[in-house]
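Colleague: sequence and predicted structure are below.
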Amino acid sequence: MTAFVAFAAGLHRQALWQVVRACVADFKLTTAPYPCLAVNLSGGEERGYVVLRPPLMHDLILSPTRQIVGIEDQFLRLPDAPAYFDAAWRARSFLADAGGRPPNRDSVALVVNSAAERTQDQLHIHIGCLLPTVQRAIAATAPRVQIAGWTQLTSVVRHIVFWGMRIRGTDLAEVDPFRLVAGEFADKVRDMGNLTIMVAAVRVEGEDGFLILASYLGAPHSWWSVGDNELIGPHCPTDAGPDVPPLHDG
């Protein structure tokens, strides 16, 4: 619990990793994920992950049980790397409100901060709901973003240039944003740690899909770096439709 408090207070940059280790140890001993919400070790610790809601934060985070500093780690770009983004997407079930209603699908986003924006030196994916202005911008932008091709976007966040790719589908099981973004930006970004990645659920002409969005520190016409605080907000609109399938521990 001390590490959890330290993480919330931002006292040191290894606090998250200590929380991950505590959750794994408790899960192995008792099968309970405390203080996390979920622990999945079905592929072993080298391929597992935890989901937690840090104190004083409105979103969730997913973090690997393997020690990975951040987005720049080459392990994330291996063809057989775990599907962390898909696991994070499925973890949105934990965003349900007090009545058990899941968040509106098109409000949910997943964000990985650049090295300049993160406060912890352990990879983590923020899972939350878009700020209303960002959600409206993405909904308006999505129809003109290419399927499986990259489009430059300037309307998502003021003074920030993103590149976006639209994909079809209801999950991310067959999609690896880490590798897709690294492949696109290999000739633009010398240090992959400068990248920010966001995946946002969208619906275009009645068809479910996702926008994969990326920006980088020093991008032309971008005034500053962007992170989860400029993208994800404290409120999640709920959906009256079918429940989100639960995330199974293992």
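Modeller: That came through fine.
Colleague: point out where the chain drops to low pLDDT.
Modeller: 1-11, 222-223, 239-250 (pLDDT under 70).
Colleague: run the last query once more with 50
Modeller: Counting by pLDDT under 50, the chain contains low-confidence ranges at 241-244, 246, 248-250.
Colleague: quick one, strands of the chain?
Modeller: 38-40, 49-52, 60-64, 108-112, 125-130, 151-153, 162-168, 195-204, 207-216, 232-233 (DSSP state E).
Colleague: strands paired with the second one, and their directions?
Modeller: Sheet pairing for strand 49-52, assigned by DSSP bridges, gives strand 38-40 (antiparallel), strand 60-64 (antiparallel).
Colleague: now the last one
Modeller: Under the criterion DSSP bridges, strand 232-233 sits next to strand 125-130 (antiparallel) in its sheet.
Colleague: ok and the strand it pairs with relative to strand 108-112, angle-wise?
Modeller: For strand 125-130 against strand 108-112, the angle by axes from the mean of the first three to the mean of the last three C-alpha atoms, to 10 degrees is 140 degrees.
Colleague: for this protein, longest helix please?
Modeller: In the chain, ranked by residue count with DSSP state H as the criterion, the top helix is helix 15-30.
Colleague: and the angle from that helix to strand 60-64?
Modeller: Using the same axes, to 10 degrees: helix 15-30 against strand 60-64 is 80 degrees.
Colleague: what are the buried residues along helix 15-30?
Modeller: Residues 15-24, 26-27 are the ones in helix 15-30 that count as buried (16 or more other C-beta atoms under 10 Å). In this view, the C-beta of every residue, glycine as well, is placed from N, C-alpha and C.
Colleague: run a quick neighbour tally on the nearest residue to Phe178 once chain neighbours are set aside.
Modeller: Among residues not flanking Phe178 along the chain, Leu76 sits closest, at 4.2 Å (C-beta to C-beta, 6 or more residues apart in numbering). When neighbours are counted by other C-beta atoms under 10 Å, Leu76 registers 22.
Colleague: wait, isn't Leu76 in contact with Ile68?
Modeller: Yes - in this structure Leu76 lies within contact range of Ile68 using C-beta atoms under 8 Å: 7.0 Å.
Colleague: now for these two: what residues contact both?
Modeller: The contact sets of Leu76 and Ile68 overlap at Leu123 (C-beta atoms under 8 Å, 6 or more residues apart in numbering).
Colleague: against Ala98, how distant is Met165?
Modeller: Taking C-beta to C-beta, to the nearest Å as the measure, Met165 falls 36 Å from Ala98.
Colleague: wait, Ala15
Modeller: Applying C-beta to C-beta to Ala15 and Ala98 gives a distance of 28 Å.
Colleague: make a markdown table out of the buried residues of helix 15-30 and add distance to Ser63.
Modeller: Below are the buried residues of helix 15-30 laid out as a markdown table (distance: C-beta to C-beta, whole Å):
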| residue | distance to Ser63 |
| --- | --- |
| Ala15 | 11 |
| Leu16 | 6 |
| Trp17 | 8 |
| Gln18 | 11 |
| Val19 | 8 |
| Val20 | 5 |
| Arg21 | 11 |
| Ala22 | 12 |
| Cys23 | 9 |
| Val24 | 11 |
| Asp26 | 15 |
| Phe27 | 14 |
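Colleague: so which of those residues comes closest to Leu37?
Modeller: The closest of the buried residues of helix 15-30 to Leu37 turns out to be Cys23 (C-beta to C-beta; 9.1 Å).
Colleague: measure how buried the nearest residue to the closest one once chain neighbours are set aside is and give me the count.
Modeller: Distances taken as C-beta to C-beta, 6+ apart place Cys36 nearest to Cys23, at 3.8 Å, with adjacent residues excluded. Cys36: 24 surrounding residues under other C-beta under 10 Å.
Colleague: phi, psi for Cys36 please.
Modeller: phi -80, psi 170 (degrees, to the nearest 10).
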